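Chemist: predicted model and sequence follow; I will ask about them next.
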Amino acid sequence: MKSMLKTDKEMLESLLKKANISVIEGLLLKEGEKLEGLRLKSLDYGKYVSPERLRDLATEVKFYVDDFLGSHGISFPILYQEGETFGPEATFPFKPGSIVYEFFGNQCYMDKNTIILVKERMSSVPGSIAHEYAHHVQGIMLGKDFVKANDCFIEGHSRGVERYIADVFSSKESDETFMYDITDSNFFELKGVYIYLCEKYGLKQHPLVSKIMGSNEDMEWDYQQKNGKPSPYAIGNTFLYMKELLHGKGIYGEALGKAKPL
Ligand SMILES: [Zn+2]
């Protein structure tokens, strides 16, 4: 198997081809069907998680991610949740004693050995921890220069780890709510690339595609309007999800192992 470690340039060249449209359409319709299926059931997405529970979950998620990526031996970053007060270990970008407010909006955040998570329901938490911890691992195993220059790879890679952990929790807890966030992201990110490609090559979209809406779709359209291409999340997730289905989930660990310093 060829290494899946790709620069953004390589990923864009390989993904944004007419020949990929039918594969992406098939995958997109499948994810849309899954998303609609979850929405039709009145599922319980769980309670908001306390900081203590969050830290227990981080230990558990780290265990699974390290097994998945081969990243044993890396220590977990400092973890905060929105609403908590920064302790003396806080460095960037906040002073110790300040409170983590909601200003991150709907996002989680990872920088300088610190992960900050917004308050989320239980069903969202393992996937969010996995996504941000994967960024931490990428920084160590691929080097800061590669990570800084290749948003598409790192976001697609984190999505792959997030998808794996959502699947682990969904199976072990027999609870499909763990799959909701990642299915939603998969859907609107695939849709972002699909619609971009249909427009680029003048092809008609499948009629079902516009009938289903991803929760954060607007973010993708805003990005495309400003930048003239799909977002790094959409490109990276679509590219690596296609490769995952072709070669298996081993691609995520393999990509880190084959890293060459740039
Ligand atoms: Zn990310």
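Modeler: Sure, I can see it. Numbering: from 1, shown residues only.
Chemist: identify the residue spatially nearest to the residue nearest the centre of the chain, adjacent ones excluded.
Modeler: Closest residue to the average C-alpha location of the chain: R159 at 2.7 Å, with C-alpha atoms, centre = their mean. Spatial nearest neighbour of R159, chain neighbours left out: N237 (4.2 Å); criterion: C-beta to C-beta, 6 or more residues apart in numbering. All C-beta spots, glycine's among them, are computed from the backbone N, C-alpha and C.
Chemist: which SSE is the one you found in?
Modeler: Taking DSSP states H and E as the criterion, N237 maps to helix 232-247.
Chemist: P126 now?
Modeler: Using DSSP H and E, P126 falls within helix 125-142.
Chemist: can you point out the buried residues in the helix holding N237?
Modeler: For helix 232-247, the neighbour count (16 or more other C-beta atoms under 10 Å) marks 232-244 as buried.
Chemist: also stretch 123-132?
Modeler: Residues S123, S124, V125, P126, G127, S128, I129, A130, H131, E132 are the ones in stretch 123-132 that count as buried (16+ other C-beta under 10 Å).
Chemist: and stretch 198-213, by the same measure?
Modeler: Neighbour counts over stretch 198-213 (16+ other C-beta under 10 Å) mark C198, Q205, H206, V209, I212 as buried.
Chemist: repeat for stretch 78-92
Modeler: By neighbour count on 16+ other C-beta under 10 Å, the buried set for stretch 78-92 is L79, Y80, Q81, E82, F86, A90.
Chemist: could you look up the SS state of the residue of the chain found nearest the ion?
Modeler: The ion sits closest to S158 of the chain, with a gap of 4.5 Å, by C-beta to the ion. Recorded secondary structure, S158: helix (DSSP: H, G, I helix; E, B strand; the rest coil).
Chemist: show me the contacts for it.
Modeler: A130, H131, E132, A134, H135, Q138 (C-beta atoms under 8 Å, 6 or more residues apart in numbering).
Chemist: pretty sure the third one sits against I115.
Modeler: What that stands for is E132. Yes: with contacts defined as C-beta atoms under 8 Å, E132 counts as touching I115 at a distance of 4.5 Å.
Chemist: heading C-terminal from the helix-or-strand element of the chain with minimal mean pLDDT, find the next helix or strand.
Modeler: Within the chain, no helix or strand scores below strand 109-111, which has a mean of 66 by mean pLDDT, DSSP states H and E. Tracing the chain C-terminally past strand 109-111 and defining elements by DSSP H and E, one meets strand 114-117 next.
Chemist: pLDDT of that next one, averaged?
Modeler: The average pLDDT within strand 114-117 is 85.
Chemist: could you dump it to PDB, C-alpha only?
Modeler: Extracted in PDB, the C-alpha atoms of strand 114-117 (Å, rounded to 0.1, in the frame of the first residue of the first chain):
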ATOM      1  CA  THR A 114      -3.600  22.300  25.600                       C
ATOM      2  CA  ILE A 115      -7.000  20.900  24.500                       C
ATOM      3  CA  ILE A 116     -10.100  23.000  25.200                       C
ATOM      4  CA  LEU A 117     -13.500  21.400  24.600                       C
END
